[in-house]
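In: Take this sequence and fold it.
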Amino acid sequence: MRIAILGNAGSGKSTLARWLATRAAVALLDLDTVAWQPGQIAVARSPEVARRDVRAFCGKNDGWVVEGCYATLIGVALEFEPRLIFLNPGEAQCLANCSARAWESHKYASKEEQDERLSFLLSWVSEYYRRDGELSLAGHRRCFEEYAGAKSELYAQPTLDPPSAEVRSWLS
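Out: Predicted coordinates:
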């Protein structure tokens with residue numbers, strides 16, 4: 001199984017990716033870990049290095065799930081012909097998910113630090129629908145539409161407990 005998941009912050013990418021990777025016992029790559037300097041979420045890594053790391057991850061693992069909001073890095077994963085899942089549940093759901101997000105210890109030193117940045121995140125999530133570029137709805141839509149492989153766009157978060165028939169089909 002090879003799956004690439006694309007969507008706005010708060011769309012449910014990480015939740016779905018962890019669920020799929022755990023059930024299929026495959027490797028998981030959160031693209032934030034290659035896009036940013038370790039321990040420095042505000043310091044970007046070289047785009048060439050990030051692309052190289054995604055390509056290396058996808059090439060060395062038979063099965064995997066890659067998730068993130070970076071259309072360019074998802075594009076690298078698409079070179080390996082996975083199923084592409086575009087999570088597009090809408091602004092209200094993304095904002096609600098971000099507001100309810102548990103502490104992301106791999107991104108923030110503390111829950112307090114994460115909470116201090118919440119207003120910025122919520123603003124960024126809302127701007128997704130109006131901005132352009134690889135981190136926008138327009139950029140994600142282009143990535144999705146240009147991909148000729150197997151793909152699904154979901155306008156609501158998928159049911160995982162129990163999993164919907166569509167989600168179960170992705171595990172094979």
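
In: Can you tell me, leaving aside adjacent residues, what's nearest to the most centrally placed residue in the chain?
Out: Residue closest to the average C-alpha location in the chain (C-alpha atoms, centre = their mean): Gly68, at 2.4 Å. Computed as C-beta to C-beta, 6 or more residues apart in numbering, the closest residue to Gly68 that is not its neighbour in sequence is Leu31, at 2.7 Å. The way it works is simple: take the backbone N, C-alpha and C, and place the C-beta from them, glycine included.

In: residues in contact with that neighbour?
Out: 50, 54, 66-70, 73-74 (C-beta atoms under 8 Å, 6 or more residues apart in numbering).

In: And the strands in the chain, which stretches?
Out: Ranges of strands within the chain are 2-7, 27-30, 36-37, 40-44, 64-68, 83-87, 151-154, based on DSSP state E.

In: right, so of those, which gets closest to Leu121?
Out: For Leu121, the closest of those is strand 40-44, at 10.8 Å, according to C-beta to C-beta.

In: Rounded mean pLDDT for the closest one, please.
Out: Mean per-residue pLDDT for strand 40-44: 72.

In: try stretch 104-118
Out: Mean predicted confidence for stretch 104-118 is 79.

In: Without its sequence neighbours, what residue ends up closest to Glu153?
Out: Phe86 (4.4 Å).

In: Rank the helices and strands of this structure by mean pLDDT and give me the bottom one.
Out: One helix or strand of the chain scores below all others by mean pLDDT, DSSP states H and E: strand 40-44, with a mean of 72.

In: show me what contacts the closest residue to Trp19 other than its chain neighbours?
Out: Leaving aside its chain neighbours, Trp19 sits nearest to Leu160 (5.1 Å; criterion: C-beta to C-beta, 6+ apart). Taking C-beta under 8 Å, 6+ apart as the criterion, Leu160 is in contact with 15-16, 19, 167.

In: Please identify which of the residues you listed is nearest to His140.
Out: Leu16 (15.2 Å).

In: hang on, the closest one packs against Glu67?
Out: Yes. Leu16 is within contact range of Glu67, at 7.5 Å (criterion: C-beta atoms under 8 Å).

In: Can you tell me what sits against the helix ranked longest in the chain?
Out: Under DSSP state H, the helix in the chain containing the largest number of residues is helix 47-60. Outside helix 47-60, the residues that touch it by C-beta under 8 Å, 6+ apart are 2, 27, 29, 31, 34-35, 64, 66, 70, 72-73, 76-77, 79-80.

In: circling back: from what I see, the residue nearest to Glu153 and Leu154 are in contact.
Out: Yes. Contact criterion C-beta under 8 Å: Phe86 and Leu154 qualify, at 7.2 Å.
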